[in-house]
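Colleague: I'll drop the sequence and a predicted model, then ask my questions.
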Number of protein chains: 2
Amino acid sequence: MSIDRSDPISSRAQTPPAVQRCTPTLPGFTCGLDATLRVIAGKWKPLILYFLAQDGPTRYGELRRAVRDVSDKVLIQQLKELEADGLVKRTDYKEVPPRVDYSLTPLGRSLAEALVPLCTWGTEHVAEVSQVFAERATWTRRERQPTG
Amino acid sequence: MSIDRSDPISSRAQTPPAVQRCTPTLPGFTCGLDATLRVIAGKWKPLILYFLAQDGPTRYGELRRAVRDVSDKVLIQQLKELEADGLVKRTDYKEVPPRVDYSLTPLGRSLAEALVPLCTWGTEHVAEVSQVFAERATWTRRERQPTG
DNA sequence: TTTGGCACTTACCAAAAGGTGCATACTTGT
DNA sequence: ACAAGTATGCACCTTTTGGTAAGTGCCAAA
């Protein structure tokens, strides 16, 4: 994953950059976006971060029920990675029926805040997005028909 | 993918919501974040959007060289999906050695702008992130050793 | 005494995502 | 005449990701 910006073929050159260029050369990553994406890659991670940002420390079971449709295996796994990445903190109360809760670290909180515009964008454009997905689902169903 | 917010077990209740709650019930999606994530799911999509936002209309070959390490198959595929989702526009000049370029639609441009904070976050925290990834790489290598 | 909840773990498996390599039809450069 | 570049398409294969179902040890309620 990397963006190569040393390419003089540029034959268009006049469109004004809608988005300011981010630091071009980071150690190991193309740009900040690249770095961020690696950290939040995982089906439920952004949702977990967002949930934790909204509701503060949350017990495992609650989280499990909150993020619907996720399996234990995957939820645990993604929590572990988030913990290893320094975004969430796991607190084990060492009690007898186990009690554990998860919360955001300052780093995690800052990431969750960076996620807000994405959430806003989605909310503002649900109409377009869900329409497109409805169409996709339609032909997907048609393509798939195996026997009848 | 869904977040269930009707859960009265809440035994913590006091942490102030660091992030304001986004519209809880959207048609088909949990919240805006969920909708957005489905649209940008794909290893290279955010990078493609971001690149296009920075550099304006770009020919296929240029894009291919810019987004390093991507294969033709996948790049084409993701471009098609982005096009189907109304985020990028494909222009075929119908010329004799083929000439095609890709650019953002207004919708795509707005998404790219929502991506900016993620890029910023990544840039500001490369240190933490790359350190973590270095460690991950280390034990991954150790775990894997099959024969020698 | 069986049942259920808690916070996980493990083995196994299916699907999705992505990559490789070859092909196309035409042109330009050597 | 032949290699290379253009923007793709396709068949095939590997890797990654996520899901299922079962089990763990301990305790409380039924």
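Modeller: Yep, it's here.
Colleague: ramachandran coordinates for A:Val100?
Modeller: Backbone torsions of A:Val100, given as degrees, to the nearest 10, read phi -140, psi 140.
Colleague: burial measure for it, as a count.
Modeller: When neighbours are counted by other C-beta atoms under 10 Å in any protein chain shown, A:Val100 registers 15. In this view, the C-beta of every residue, glycine as well, is placed from N, C-alpha and C.
Colleague: what does stretch A:38-49 rub up against?
Modeller: Identification of contacts with stretch A:38-49 by C-beta atoms under 8 Å, 6 or more residues apart in numbering or on different chains yields A:1, A:29, A:63, A:67, A:70, A:74-75, A:78-79, A:81-82, A:85, A:87-88, A:104, A:108, A:111-112, A:115, A:118, B:1, B:3, B:30, B:33-34, B:37, B:122, B:129, B:133.
Colleague: find the residue closest to the residue nearest in space to the middle of chain A in space, skipping its chain neighbours.
Modeller: Among the residues of chain A, the one closest to the centroid is A:Pro46, at 3.3 Å (C-alpha atoms, centre = their mean). The shortest distance from A:Pro46 to any non-neighbouring residue, by C-beta to C-beta, 6 or more residues apart in numbering or on different chains, is to A:Ile40 (5.3 Å).
Colleague: quick one: low-confidence parts of chain A?
Modeller: Residues of chain A that meet the criterion pLDDT under 70 lie in A:1-27, A:137-148.
Colleague: all helices of it, in order?
Modeller: With helices called from DSSP state H, chain A shows them at A:32-40, A:45-55, A:60-66, A:72-84, A:106-124, A:126-144.
Colleague: where does chain A get nearest to DNA strand D, residue-wise?
Modeller: With C-beta to the nearest atom of the strand, the shortest gap between chain A and DNA strand D falls at A:Lys43, namely 3.0 Å.
Colleague: that older thread, so can I have TSV of the helices of chain A showing distance to B:Tyr50?
Modeller: Shown next, in TSV, are those (distance: least, C-beta to C-beta, whole Å):
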stretch	distance to B:Tyr50
helix A:32-40	6
helix A:45-55	17
helix A:60-66	31
helix A:72-84	24
helix A:106-124	13
helix A:126-144	19
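Colleague: JSON lines please, covering these and showing distance to DNA strand C.
Modeller: Shown next, in JSON lines, are those (distance: least, C-beta to the nearest atom of the strand, whole Å):
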{"stretch": "helix A:32-40", "distance to DNA strand C": "11"}
{"stretch": "helix A:45-55", "distance to DNA strand C": "13"}
{"stretch": "helix A:60-66", "distance to DNA strand C": "3"}
{"stretch": "helix A:72-84", "distance to DNA strand C": "4"}
{"stretch": "helix A:106-124", "distance to DNA strand C": "16"}
{"stretch": "helix A:126-144", "distance to DNA strand C": "9"}
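Colleague: any idea which of those helices gets closest to A:Lys94?
Modeller: Among the helices of chain A, the nearest to A:Lys94 by C-beta to C-beta is helix A:60-66 (14.3 Å).
Colleague: what is the neighbour count of the residue of chain A closest to DNA strand D?
Modeller: Neighbour count for A:Lys43, taken as other C-beta under 10 Å: 15.
Colleague: that one and B:Arg99, how far apart?
Modeller: 38 Å (C-beta to C-beta, to the nearest Å).
Colleague: please apply the same query to A:Leu52.
Modeller: A:Leu52 is 48 Å from B:Arg99, by C-beta to C-beta.
Colleague: more neighbours, those two?
Modeller: Ranked by neighbour count (other C-beta under 10 Å), A:Leu52 and B:Arg99 place A:Leu52 first, with 28 against 13.
Colleague: skipping its backbone neighbours, what lies nearest that one in space?
Modeller: A:Leu104 (4.9 Å).
Colleague: report the contact partners of that neighbour.
Modeller: Shown in contact with A:Leu104 (C-beta under 8 Å, 6+ apart): A:49, A:52-53, A:87-89, A:112, B:18.
Colleague: 10 Å instead, please
Modeller: A:48-49, A:51-53, A:56-57, A:82, A:87-89, A:110-112, B:15, B:18-19 (C-beta atoms under 10 Å, 6 or more residues apart in numbering or on different chains).
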